[in-house]
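>>> got a structure for you, letters missing:
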């Protein structure tokens, strides 16, 4: 076997340095050369609105996609494409300062774009930047109208340097500090966001020609070293710890730690080449100990053909497999594969992102120049590519004050003189208590009953993005979220009702699990930060919390839903999930042992018209 690499004596395996931030196209060339098993590769697809898309992220109503513009003979100009993930309508196209945007990160109210710049791979053992890179910043509120970044930092290439520090590949944030990794060297670049300044490169103790993912951890950063199979820990100012942690399973092989996720003190990393998911308890790290003192354990193996992206949601790790053209969820406890989302052959999926409610998952198709949006509740898939039609102008949004469902239409079983028994508390303004606990200004729906609210002489209509938000009072409890879930129904007349689709996706539907990602289509999944007294904000701002619902998600073949799409909805009805049957079991949906009924803090609408 001749892969142009060094054969390690007595192993039968090749060991070679790979470019950091490895694009699947580059790995694919080696696969086809016989160095690894080659997946099916699609022929070159005509470029439309998407041009070899890589990273993507949901931002409020929209889906933002980064066009890398890859070409075998160089890159085209980079751009961000903003679309409506439900209709596929084109909202905006925003040029990036440099080509090859590879990473999108939301921090505060800003979207940051890491544009690597074009790469020169003519010498595979020493890849270099062919053009300058950049860090772009765009306020979230401007994504529908922006013509470019609000500000940017140039990250110029320095071809005369003996060891280059250019070609940024990933970024992570710790307050007003950030850290960039390089695709072509073992350098990290500290960034002062407040001053909008990049500091001097800091060199990690590594033979690597390129790093990989970086994530924040307790005011520090953790960085994967793709070629050396290491994890580095870096302080907020960019100073590396004196130790490093070996992440690989086989010391003689390059296994390529790349995709990385940090949840609390738990780190999960995918070894791209050996297709292994591993875990580190970061609490065990000791800068004075050999190997940083922590133990690395395998969670699951193998995890596909070319695992290229990792997201941890609840108790599952979702891995994008570029070689097998699917996205698979693996249990963190047992490593077993579960939910699997198949994409078209030859798509070469690159990156996955989830809408805030967990229902929609979007995946970039790098080789097919498209984006697939998968509805995890209904199983429907919509692929967007080619040319997209511009979005129509939206109807006027409701005034923030008028958007509240402030009319109590029905509340059977209410006891206004008792704590949480007054339904007015569900219509007098949202007073969330943040992440730490649930609001006490709520109405607790009695078992077997329902709460019906309205908007006075106004009707709710369908517009772009979510049309209403339901605020309940869930809160974190240990490793789970304490949830008293509610089914949401709408009516055009107070007589006929249609429910938003909902499902409990746990492997065992008879056991309650406090993982919001398993309870799709219910209200009561997301803690509430909006508080009209102490933290006023747009109820549709993702930071407000609550659970959004879109009238477009109502079942299209239901006659009541059809009437609502034609005329609008006048009433909303909320009732406990336990009062509804789970079609998987034929019994009521399971509840938390301490469940006493949903506690409703309020409901807000975005698009209202006079009745």
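Right, received. Where do you want to start? Everything numeric in this text was worked out from a predicted model, so none of it was measured.
>>> Kindly provide the distance from the residue nearest the centre of the chain to residue 466.
In the chain, the centroid-proximal residue (C-alpha atoms, centre = their mean) is residue 353; its distance is 3.8 Å. The gap separating residue 353 from residue 466 is 16 Å, by C-beta to C-beta, to the nearest Å. Heads up, the C-betas are built off the backbone N, CA and C, glycines and all.
>>> What does the pLDDT read for residue 120?
We have a pLDDT of 82 for residue 120.
>>> Only the buried residues of stretch 266-285, if you could.
In terms of neighbour count (16 or more other C-beta atoms under 10 Å), stretch 266-285 has its buried residues at 267-280, 282, 285.
>>> If you could redo that for stretch 403-419, that was the one I meant.
403-406, 408-409, 411, 414.
>>> for stretch 126-145, same thing?
Residues 127-138, 140, 143 are the ones in stretch 126-145 that count as buried (16+ other C-beta under 10 Å).
>>> can you check stretch 461-479 too?
461-475.
>>> Over to stretch 330-339?
Going by neighbour count (16+ other C-beta under 10 Å), the buried part of stretch 330-339 is 330, 332.
>>> got the contact list for the closest residue to residue 502 other than its chain neighbours?
Of all residues not flanking residue 502 in the chain, residue 521 sits nearest, at 3.2 Å (C-beta to C-beta, 6 or more residues apart in numbering). By C-beta atoms under 8 Å, 6 or more residues apart in numbering, the residues touching residue 521 are 359, 377, 488, 500-503, 553.
>>> if we take these, which one ends up nearest to residue 172?
residue 359 (27.0 Å; C-beta to C-beta).
>>> how close does that closest one get to residue 466?
11 Å.
>>> the helices in the stretch 201-350 of the chain, which residues?
In the stretch 201-350 of the chain, no helices are defined using DSSP state H, counting those that start in this stretch.
>>> And the strands in it?
202-203, 214-217, 220-225, 230-234, 240-246, 257-263, 266-271, 276-281, 296-300, 307-313, 316-321, 326-331, 337-342, 349-354 (DSSP state E, counting those that start in this stretch).
>>> Need those strands in CSV (columns: distance to residue 181 and mean pLDDT).
CSV is the format used below for those (distance: least, C-beta to C-beta, whole Å; pLDDT from 0 to 100):
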stretch, distance to residue 181, mean pLDDT
strand 202-203, 11, 87
strand 214-217, 5, 97
strand 220-225, 6, 95
strand 230-234, 10, 94
strand 240-246, 12, 93
strand 257-263, 11, 94
strand 266-271, 14, 97
strand 276-281, 18, 98
strand 296-300, 20, 98
strand 307-313, 16, 95
strand 316-321, 20, 96
strand 326-331, 24, 96
strand 337-342, 29, 94
strand 349-354, 17, 96
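>>> Dump these to CSV, plus distance to residue 597.
Shown next, in CSV, are those (distance: least, C-beta to C-beta, whole Å):
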stretch, distance to residue 597
strand 202-203, 54
strand 214-217, 38
strand 220-225, 42
strand 230-234, 46
strand 240-246, 47
strand 257-263, 30
strand 266-271, 33
strand 276-281, 37
strand 296-300, 37
strand 307-313, 27
strand 316-321, 28
strand 326-331, 31
strand 337-342, 30
strand 349-354, 28
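>>> For residue 606, which of these is the nearest?
Of all those, strand 349-354 sits nearest to residue 606, with 21.0 Å by C-beta to C-beta.
>>> just for the stretch 51-200 of the chain, where's the confidence low?
Within the stretch 51-200 of the chain, the stretches with pLDDT under 70 are 124-125, 159-165.
>>> Based on its surroundings, how many neighbours for residue 557?
7 (other C-beta atoms under 10 Å).
>>> So which of the buried residues of stretch 461-479 sit within strands?
If you go by DSSP state E, these have 468-471, 475 in strands.
>>> Give me the buried positions along stretch 336-356.
341, 343, 347-356.
>>> Might one say that residue 257 is in contact with residue 267?
No. Residue 257 is not in contact with residue 267 according to C-beta atoms under 8 Å; the separation is 10.4 Å.
>>> any common contacting residues for those two?
Joint contacts of residue 257 and residue 267 (C-beta under 8 Å, 6+ apart) are residue 231.
>>> mind showing which ranges of the stretch 351-500 of the chain have poor pLDDT?
Using pLDDT under 70, the stretch 351-500 of the chain drops low at 400-401.
>>> hey, where'd the strands end up in it?
Counting by DSSP E, counting those that start in this stretch, the strands of the stretch 351-500 of the chain are 360-365, 370-375, 381-385, 407-410, 443-444, 450-454, 458-460, 468-471, 475-477, 480-482, 486-491, 498-499.
>>> Run through who's touching the last one.
Translated: strand 498-499. Against strand 498-499 from outside (C-beta under 8 Å, 6+ apart): 487-491, 554-555, 558, 560-561, 564.
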